[in-house]
Each structure stands twice: as structure tokens, then as C-alpha cells.
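A.B. asks: Sequence and computational prediction follow.
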Amino acid sequence: MSRGSVDMNFLFNARRIATAGTRLCDKQAARYGITRAQWAVLAKVERTEGLKQSELAEQMEMQPITLTRLIDRLCDKRLDRTAQRR
């Protein structure tokens, strides 16, 4: 087996693991009626409270308007820490 094939096998398996992780995250978020992106925002806010929305958007690698829409949808669902712990 050449070095190139080992690298390709590694990359193939890494992609499979990433896909499995994405599916798991989607499934867990769906349990709460939210998307993976919304779940990621909630997780980031919980870990780093006090961020400005612009800082959060930058850390989440998304445009501020996209983050605003995600937050608006979460607010519409009335998701807060109390609801998450139930």
C-alpha cells in the first residue's frame, strides 16, 4: 500500500466520522424542535456569556444578519435555559 492510499483512507474515514457526527447533532437538536445551527448558537452562548452579537457572529463564522435570524427563531420558540433543563 502506498503512502497516497493511506492518506486517502484516512481522509475517507475522517469524512465518514464527520458525517456521523453531523447526523447525531441533527438528531439531538431535533429532539428540542431546533436546528443544528440554533443548537450551536445556544451552546456557544452558554459557554461564553456576555458576548456582543457581532462577536458571537464572528466566532460562529456567520454573518450578523444570519445570527440575528437564528436568535429570532429561538426567541419565537421561547427557548431559554429553564426550558432546556426540563
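C.D. replies: Nice, thanks for sending it over.

A.B. asks: so what's the residue nearest the centre of the chain up against?
C.D. replies: Centroid-nearest residue in the chain: Ala40, 3.1 Å away (criterion: CA atoms, centre = their mean). Contact analysis of Ala40 by CB atoms under 8 Å, 6 or more residues apart in numbering lists Met60. (Each C-beta comes from the backbone N, C-alpha and C, glycine too.)

A.B. asks: now the helix or strand containing it, how far from the centre of its chain.
C.D. replies: According to DSSP states H and E, Ala40 maps onto helix 36-47. The chain centre lies 6 Å from the centre of helix 36-47; the measure is CA atoms, centre = their mean, to the nearest Å.

A.B. asks: In the helix or strand that comes right after that helix, which residues are buried?
C.D. replies: For helix 36-47, the following helix or strand on the C-terminal side (DSSP H and E) is helix 53-59. Under the neighbour-count criterion of 16 or more other CB atoms under 10 Å, helix 53-59 has Leu56, Ala57 buried.

A.B. asks: helices or strands up against helix 53-59?
C.D. replies: Applying 3 or more CB pairs under 8 Å, 6 or more residues apart in numbering; DSSP states H and E, we find helix 53-59 packed against helix 36-47, helix 64-76.
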